[in-house]
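Engineer: Structure, please.
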Amino acid sequence: MRTRLLHTPAALVGALAVLVAPLAVAALAPASAAAAGYVRVNQVGYPDAGSKRAYFMTETAAPVTTFAVRDSGGARVLTGLVGPCLGAWSARFGFVYPVDFTGLTAAGTYTIAVDTGNGTAVSPHFRVCGGSSVYRRALSNTLAFYQVQRDGPAFVRSALRTAAAHLNDRHAMTYRTPTVDGDGVFRGDLRALGRRVDAGGGWWDAGDYLKFVHTTAYAEALLLTGVRDDPAQMGAGSSTSDFTAEVKFGASWLLRMWDDRRRVFYYQVGIGSGNAHTAGDHDLWRLPQRDDHYRRGDAMYRYIRHRPVFRLGPPGAPISPNLAGRDSAALALAYQVFKKTDPGFAARCLRSARHIFDQADLNPRQLVTAIPFDYYPETEWRDDMELGAAELDLALAGGGPSEPPHDAAYYLGQAARWAAAYMASPDDASDTLNLYDVSGLAHYELVRAMRQAGDPSGLDVTEGQVLADMRKALDRALTQASLDPFQFGYAWARWDTATHGAGLSVMASEYDELTGTGEYADWSGRWLAAILGANAWGTSLVVGDGSVFPHCLQHQVANLRGTLDGRRPVLLGACVEGPNSDQDDGTMPGMRLGPSFDAFKPFNGGHGARWRDAVQDYPNTEPAIDLTAPTALAFARAMRGLR
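Structural biologist: All right, here's what the predicted structure looks like:
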């Protein structure tokens, strides 16, 4: 979960400047307001050769119900009966039925109409086309999101981004980690270390302007995997979504946050909350280009103008293993991607990856993620070490320069060791691929490394055991799906629901690829569809993907420079947190609020979950770089037919 709440100290609160944009309420309303019920579909579309399922949700039982698929001209192209009831969504909507239309294979734009005899419910429009085409625009949108998140001088100019930001980060002062409370508030002042570093560039973490190695390394690892494995979709072979420059931008910042000569690890730029005498990032609502000169001369805002960089420990100090594992994985992946096109840069990445991995604290008392730890309360780290070791093995076995005393075989042994430790831990297979558990990627990479090495004996785990653990996680998701009428493999009332859905889709695809089966192919598609509109609210949870998507993000640039009604410009490709059991109403001076009418409220309450498209509701509408990364992989893998 993420618990980054915007806090406004009393000393900073002024009159709330609220600018309410005119909204097209019809565009926000869930599709089909017919009394007969609601038809929920994957609003991005369906691959022509894949399985296709929609859902019909209604208040009253519909034991014999027909559906018709109509093309853009209104002609019926397929008819059939809805399937048996999958269960109740909520006290109000007691019946959800599957609508299977796999027989539809012709390319086109369609709607589904369900006739109960008492009325007709009609879905939003959706496409059917070749698998490589369905998600092309969605993947391009994801790239656009990361470009908006760019900090520093190398920003990408757009309607949302008109100026560089945080140029002072290029000569930032370093500080000791302060003692903070659960909200990140510290007493007194920060303790400077007297050394300046270049912390410029990198991506903002989320709707705020903080930068964390914890989230950046995770996002980088996933995106670099896509560029390496899917060059036609995410690399130089794509004319619409080439992430190559973007992942190099991210890896370059990770290199800046590690002093390889002195063996010093820096992990955060900026502070979230200040105190009575110091403003933090979360105390203001503004465009990022204001920060370098914000209220010049006012000491209250000194850490807005000159953002602190926090050191993990003195030279050579052990590195929290979650950070060491995922950061070394990202940099080892960067070597794999850039070893031919930029060998000098690649060599720096690999050298740093090895040193960071070897400096990991293997007996941690408390993991480090961010200040405060409550922003990202991670508990598992063995999976990070497994991923880091697997990527180092793949880098070295693929021709990377050796550096005594460790060779590729050593890192393969380390990856197997940490995979075994993860499987023996209480967290084993209890989560999906997301920021807090990377085993869904680590296991996949370990199996590939084992096969590349010829399946050597004597490792702490076998390939079969790793595959069985992947299956264990997927089968737990199937158990969860059996409890949900929309068949989602993750509970809607938990945190970060949308990214878990994309992570599940990726894991199912990976398992099928490694085993040469299509056992989870249908589920991979359903779990991705669930975050793209095939859910109780009938909304996609990725901005710009589908006809109904979040409009009022808790994201300062999107809120201050974009629209609040879904018309361009919007923060394309941003994956938001999604439905949750928690909601919030915190506002900030300068925040533009959307409509007070909540079009999704009638669908709340099912399985304890709620969704509201409101800027003040960060548990629902805040996007982030870690939330969005799995969607890129899910789209790319679907495009190359691995679902």
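
Engineer: Local confidence estimate at V615?
Structural biologist: Per-residue confidence (pLDDT) for V615: 97.

Engineer: What's the separation between it and D584?
Structural biologist: Remark: distance between V615 and D584 (C-beta to C-beta, to the nearest Å) = 10 Å. All C-beta atoms are positioned from the backbone trio N, CA, C, and that covers glycine.

Engineer: out of those two, which sits in the busier spot?
Structural biologist: Neighbour comparison, V615 and D584: the larger count goes to V615, with 27 against 18 (by other C-beta atoms under 10 Å).

Engineer: Tell me the secondary structure at the more buried one.
Structural biologist: coil (DSSP: H, G, I helix; E, B strand; the rest coil).

Engineer: Just to check, it is in contact with Q554?
Structural biologist: Yes - the pair V615 / Q554 is scored as a contact, 5.3 Å apart, by C-beta atoms under 8 Å.

Engineer: shared neighbours, those two?
Structural biologist: Here V615 and Q554 have T621 as joint contacts, going by C-beta atoms under 8 Å, 6 or more residues apart in numbering.

Engineer: Out of the helices and strands in this structure, which is least certain?
Structural biologist: Lowest on mean pLDDT, DSSP states H and E among the helices and strands of the chain sits helix 25-28, with a mean of 35.

Engineer: Show me what secondary structure element comes after that helix.
Structural biologist: Using DSSP states H and E, the helix or strand that follows helix 25-28 towards the C-terminus is strand 38-40.

Engineer: Which elements pack onto that next one?
Structural biologist: strand 53-58, strand 108-115, strand 120-122 (3 or more C-beta pairs under 8 Å, 6 or more residues apart in numbering; DSSP states H and E).

Engineer: now with 10 Å?
Structural biologist: strand 53-58, strand 95-100, strand 108-115, strand 120-122 (3 or more C-beta pairs under 10 Å, 6 or more residues apart in numbering; DSSP states H and E).

Engineer: so which of these comes closest to G270?
Structural biologist: Closest to G270 of the helices and strands packed on strand 38-40 is strand 53-58 (C-beta to C-beta; 42.4 Å).

Engineer: Compute the inter-axis angle for that closest one and strand 108-115.
Structural biologist: Strand 53-58 and strand 108-115 meet at an angle of 30 degrees, taking axes from the mean of the first three to the mean of the last three C-alpha atoms, to 10 degrees as the criterion.

Engineer: Strand 53-58 to strand 95-100, inter-axis angle?
Structural biologist: 150 degrees.

Engineer: what distance separates strand 53-58 from the centre of its chain?
Structural biologist: Relative to the centre of its chain, strand 53-58 is centred 26 Å away, using C-alpha atoms, centre = their mean, to the nearest Å.

Engineer: What pairs with it, parallel or antiparallel?
Structural biologist: Partners of strand 53-58 in the sheet, by DSSP bridges, are strand 38-40 (antiparallel), strand 95-100 (antiparallel).

Engineer: picking up where we left off before, and for V615 and D584, which residues touch both?
Structural biologist: Q554, T621, E622 (C-beta atoms under 10 Å, 6 or more residues apart in numbering).

Engineer: Now, of these, which are buried?
Structural biologist: Among the shared contacts of V615 and D584, those classed as buried by 16 or more other C-beta atoms under 10 Å are Q554, T621, E622.

Engineer: which one among those residues gets closest to R70?
Structural biologist: Once C-beta to C-beta is applied, the member of those that ends up nearest R70 is T621, at 32.9 Å.

Engineer: Skip ahead from the helix or strand harbouring A138 and say which helix or strand is next.
Structural biologist: Assigned by DSSP H and E, A138 belongs to helix 136-148. Downstream of helix 136-148, the next assigned helix or strand under DSSP H and E is strand 172-175.

Engineer: distance between that next one and the chain's centre?
Structural biologist: The answer for strand 172-175 is 29 Å, by C-alpha atoms, centre = their mean.

Engineer: So which elements touch it?
Structural biologist: Using 3+ C-beta pairs under 10 Å, 6+ apart, the elements in contact with strand 172-175 are strand 192-197, strand 264-269, strand 309-311.

Engineer: so how far is the second one off the chain centroid?
Structural biologist: When you say that, I think you mean strand 264-269. The chain centre lies 22 Å from the centre of strand 264-269; the measure is C-alpha atoms, centre = their mean.

Engineer: again, but for the first one
Structural biologist: A distance of 32 Å separates the C-alpha centroid of strand 192-197 from that of its chain, computed with C-alpha atoms, centre = their mean.

Engineer: Which ones among the shared contacts of V615 and D584 map onto strands?
Structural biologist: With DSSP state E as the criterion, strands contain none of the shared contacts of V615 and D584.

Engineer: tell me which element the residue lying farthest from the centre of the chain falls in.
Structural biologist: Largest separation from the mean C-alpha position in the chain: G117, at 41.9 Å (C-alpha atoms, centre = their mean). G117 is part of no helix or strand, with elements assigned from DSSP H and E.

Engineer: That one and G37, how far apart?
Structural biologist: 12 Å.

Engineer: Next: P308.
Structural biologist: To G37, P308 is 54 Å away according to C-beta to C-beta.

Engineer: thinking again about what came up before, what sits in contact with each of G117 and G37?
Structural biologist: A62, T65.

Engineer: now for the helix holding A138, which elements pack on it?
Structural biologist: Helices and strands touching helix 136-148, by 3+ C-beta pairs under 10 Å, 6+ apart, are helix 213-229, helix 231-234, helix 244-256, helix 556-561, helix 625-639.

Engineer: out of the ones you listed, deepest packed?
Structural biologist: Of the helices and strands packed on helix 136-148, the one with the most neighbours on average (mean count of other C-beta atoms under 10 Å) is helix 625-639, at a mean of 29.

Engineer: That one - contacts with which helices or strands?
Structural biologist: Using 3+ C-beta pairs under 10 Å, 6+ apart, helix 625-639 is in contact with helix 131-134, helix 136-148, strand 211-212, helix 213-229, helix 231-234, helix 439-452, helix 497-515, helix 521-530.

Engineer: Just the CA atoms of that helix, as PDB, please.
Structural biologist: Only the C-alpha atoms of helix 625-639 are listed here, as PDB (Å, rounded to 0.1, in the frame of the first residue of the first chain):
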ATOM      1  CA  ILE A 625       5.600   5.600 -11.800                       C
ATOM      2  CA  ASP A 626       5.500   2.200 -10.000                       C
ATOM      3  CA  LEU A 627       1.700   1.800 -10.600                       C
ATOM      4  CA  THR A 628       2.100   2.400 -14.300                       C
ATOM      5  CA  ALA A 629       5.100   0.200 -15.000                       C
ATOM      6  CA  PRO A 630       3.300  -3.200 -15.100                       C
ATOM      7  CA  THR A 631       0.800  -1.900 -17.600                       C
ATOM      8  CA  ALA A 632       3.500  -1.300 -20.100                       C
ATOM      9  CA  LEU A 633       4.700  -4.900 -19.800                       C
ATOM     10  CA  ALA A 634       1.100  -6.200 -19.900                       C
ATOM     11  CA  PHE A 635       0.300  -4.300 -23.100                       C
ATOM     12  CA  ALA A 636       3.600  -5.300 -24.700                       C
ATOM     13  CA  ARG A 637       3.200  -9.000 -23.900                       C
ATOM     14  CA  ALA A 638      -0.400  -8.900 -25.200                       C
ATOM     15  CA  MET A 639       0.800  -7.300 -28.400                       C
END
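
Engineer: No more questions from me, cheers.
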